[in-house]
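Colleague: Sequence below, structure please.
(chains A and B)
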Amino acid sequence: MPSPAPDSSEFAVELTDVECWGGASGREPSLTGIHWKVAAGEFWAVGGLMGSGKTSLLSSIAGLFPPARGSVKVLGTSWLDVSPEQLPAQRLKVGLVHGGGLLLRHLSVAENISLPLRYHHDAQHSDVLPKLGEWLAATGLESVAERPGGAVSRNWAQRAGLARACSLQPEILLVDNPLSGLDPQDVRWWVQFLGRVSEGHPLLGYRRLTVIVTCDDLPVWRAPGRRYATLAGGQFRVLDDASSLEGWATTHAGPV
Amino acid sequence: MSTETSAKFVEARLAVATVQHLPASYVRWVGKRIIDFGASVRGILAFGLISLGVLITKRRVASRVIHPLIWDQVLRSGVAMLPIALFLAFALGLLIIGQTVYFTSRVGAPQFLGVVMVSVVVRELGPLLAAIIVLTRAGTANVIELGMARASREVEALELLGIDPIHYLVIPRIAGVTLGVFCLTVYVVVVALLSGFLWAFLQNVPILPSAYLAQFAAALRPMDFVALGLKSSAFGVIIALVVCYHGLGKPMSVEDLPRAGARALTQGVIFCVIVDALFFLAFLLL
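Modeller: As a prediction, this is how the structure comes out:
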């Protein structure tokens, strides 16, 4: 059974006056003045067009790139206060799935998923096979499990990236534009799977996960209880209710 | 256009092209090269210190993942290089003994064959040859592999998974390449010495295998074994560090890979020769 949502006063992610790096060089401010609080267990969809700063925002939350200004707190701890010794443990609390999956090209899909499990538990490949099999089945990757990471389509690579991130049992899951370039069937799979992950997936111990998804098309993610925000013109804006999604879609994603 | 006019046109174009490719100022060009080289040396030293720190602090972390990677590197830098290394070692023995026999037979001193082989093969050319084989074959392949990992953001992926990229990508290469160069050096030395005797035998040099071995044993000093191990290990560490630094040390795109490979090769050779010279100085002083 899904566990109840945690107290909303405990913020999973808290951004205060954040300015993110971005642009072609990666050293230009792409987003400014972000104040954002994400309660534990919430599902957020953040919409923005290409180059609006979606990847920069998620990378800053994941602690991959420090923001140009401001503070990013994850589960109450600012990335600036994390010592090099504490960094790997803190990183494991946040799973980031990049667009395209970012698989290691020389490893197979199965080895990509099992690598972090083996590394953090000092285990042989055979030791993690049961867990690996569960995640391969859950993400529908059995048929491509032995293919090299660099030789699978974007959809499979992203699913492998998702399985890899989830297998480490994170508390926050960040997914960067997963629907880009997918056919309707795969879009449906992603929307449904991330919904299950958010509400408490069996492989995640029925825990409610905090999920933040970025996208080009916000209305796809419409569901009760979810929250929405947009990135446009270097500004982050929280949408007050789901009804404003249609207006956003007309302005940003409608036919030209 | 007549033939003469065409020739003049081509000549003029060539002259322009030559002038355009010449540096504006040689002093500035040389100065820039020296500064770039100094920056690389500093970067490689810093990279080496960081790697040493990771090696010490994570020596017991994920050994079931890291150890197979080390053996994979030994396979790629040692075992896979064996055929070409043995071929070159065989040729090296023939060449050195061929030249030595030619000169010693003119002065009637074939008893120096073993001494020459120890001085040239064991102390100098054996380790250097093994290092250059590994650098040119396995080293450049590693630069491309690491550069691709950097360009395709695999390093970022490792960091996100809480895996230290230095621990996963660099440490196995340092350990594996060092072990590979050391083992390859031993094989190169042994094969060069054997092929040297074969050549002497074919040239009817009046020396018995036992006498050749006795000369060889008399010329060897205990310090030679220590120096051989230290030098080949130093070459291995240098090659791995230079290769990893140029593959991973800086943000890279796919277009930068050929230049990074060429730079790693050049600097690897230079550093190995410098270390070789330092060992020679130490040999003279001790």
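
Colleague: In contact with residue A:234, which residues?
Modeller: A:29, A:30, A:31, A:32, A:53 (Cβ atoms under 8 Å, 6 or more residues apart in numbering or on different chains). Backbone N, C-alpha and C define where each C-beta goes, glycine included.

Colleague: any idea how far chain B is from it?
Modeller: Separation of residue A:234 from chain B (Cβ to the nearest Cβ, to the nearest Å): 24 Å.

Colleague: quick one on the thing from earlier: can you put the contacts of residue A:234 in JSON lines and add pLDDT, secondary structure and distance to chain B?
Modeller: Shown next, in JSON lines, are those (pLDDT from 0 to 100; DSSP: H, G, I helix; E, B strand; the rest coil; distance: Cβ to the nearest Cβ, whole Å):
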{"residue": "A:29", "pLDDT": "69", "secondary structure": "strand", "distance to chain B": "19"}
{"residue": "A:30", "pLDDT": "78", "secondary structure": "strand", "distance to chain B": "17"}
{"residue": "A:31", "pLDDT": "85", "secondary structure": "strand", "distance to chain B": "19"}
{"residue": "A:32", "pLDDT": "87", "secondary structure": "strand", "distance to chain B": "24"}
{"residue": "A:53", "pLDDT": "87", "secondary structure": "coil", "distance to chain B": "17"}
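
Colleague: now residue A:42: how far from chain B?
Modeller: Taking Cβ to the nearest Cβ, one finds residue A:42 at 21 Å from chain B.

Colleague: Now do stretch B:273-281: everything it contacts.
Modeller: Contacts for stretch B:273-281 (Cβ under 8 Å, 6+ apart): B:124, B:127, B:128, B:227, B:230, B:231, B:234, B:235, B:238.

Colleague: Any chance of TSV for the residues you listed, columns pLDDT, neighbour count and distance to residue A:57?
Modeller: Below are the contacts of stretch B:273-281 laid out as TSV (pLDDT from 0 to 100; neighbours: other Cβ atoms under 10 Å in any protein chain shown; distance: Cβ to Cβ, whole Å):
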residue	pLDDT	neighbour count	distance to residue A:57
B:124	88	16	58
B:127	94	32	52
B:128	94	20	52
B:227	91	19	57
B:230	95	16	51
B:231	95	27	52
B:234	96	21	47
B:235	96	29	46
B:238	96	24	42
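
Colleague: Tell me the buried residues in stretch B:29-43?
Modeller: Buried residues in stretch B:29-43, defined by neighbour count with 16 or more other Cβ atoms under 10 Å in any protein chain shown: residue B:40.

Colleague: residue ranges with poor pLDDT in the stretch 151-286 of chain B?
Modeller: Scanning the stretch 151-286 of chain B for pLDDT under 70 picks out nothing.

Colleague: actually the stretch 101-250 of chain A, not the one I typed
Modeller: Scanning the stretch 101-250 of chain A for pLDDT under 70 picks out the ranges A:242-243, A:246-250.

Colleague: for the chain, what spans make up the strands?
Modeller: If you meant another chain, say so; for now it's chain A. Using DSSP state E, the strands found in chain A span residues A:11-22, A:28-39, A:43-48, A:69-74, A:77-78, A:94-97, A:172-175, A:210-215, A:227-232, A:235-239.

Colleague: neighbours around the closest residue to chain A within the stretch 1-150 of chain B, how many?
Modeller: Per Cβ to the nearest Cβ, residue B:62 is where the stretch 1-150 of chain B lies closest to chain A, at 4.6 Å. By the criterion of other Cβ atoms under 10 Å in any protein chain shown, residue B:62 has 20 neighbours.

Colleague: Then residue A:126?
Modeller: Look at residue A:126: counted by other Cβ under 10 Å, it has 10 neighbours.

Colleague: which residues touch stretch A:91-100?
Modeller: A:55, A:58-59, A:61-64, A:74-75, A:120, A:154, A:157-158, A:161-162, A:165-166, A:168, A:170-178, A:180, B:153, B:156-157, B:159-162.

Colleague: my read is residue B:247 is in a helix, agree?
Modeller: Yes: judged by DSSP: H, G, I helix; E, B strand; the rest coil, residue B:247 forms part of a helix.

Colleague: which stretch of helix or strand covers the residue nearest to it when sequence neighbours are not counted?
Modeller: Distance criterion Cβ to Cβ, 6 or more residues apart in numbering or on different chains; nearest residue to residue B:247, sequence neighbours excluded, is residue B:146 at 2.8 Å. Element membership for residue B:146 (DSSP states H and E) is helix B:140-151.

Colleague: buried set for that helix?
Modeller: By neighbour count on 16+ other Cβ under 10 Å, the buried set for helix B:140-151 is B:140, B:142, B:143, B:144, B:145, B:146, B:147, B:148, B:149, B:150, B:151.

Colleague: What of stretch A:148-167?
Modeller: For stretch A:148-167, using 16+ other Cβ under 10 Å, the buried residues are A:148-149, A:152, A:155-167.

Colleague: And the furthest pair within the residues you listed?
Modeller: Farthest pair in the buried residues of stretch A:148-167 (Cβ to Cβ) is A:148 and A:166. Separation: 21.5 Å.

Colleague: before we move on, back to that, just put the strands of chain A in CSV and tack on mean neighbour count and distance to residue B:111.
Modeller: Formatted as CSV, those follow (neighbours: other Cβ atoms under 10 Å in any protein chain shown; distance: least, Cβ to Cβ, whole Å):
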stretch, mean neighbour count, distance to residue B:111
strand A:11-22, 21, 72
strand A:28-39, 18, 74
strand A:43-48, 25, 83
strand A:69-74, 18, 76
strand A:77-78, 14, 75
strand A:94-97, 27, 71
strand A:172-175, 23, 75
strand A:210-215, 25, 79
strand A:227-232, 20, 83
strand A:235-239, 16, 85
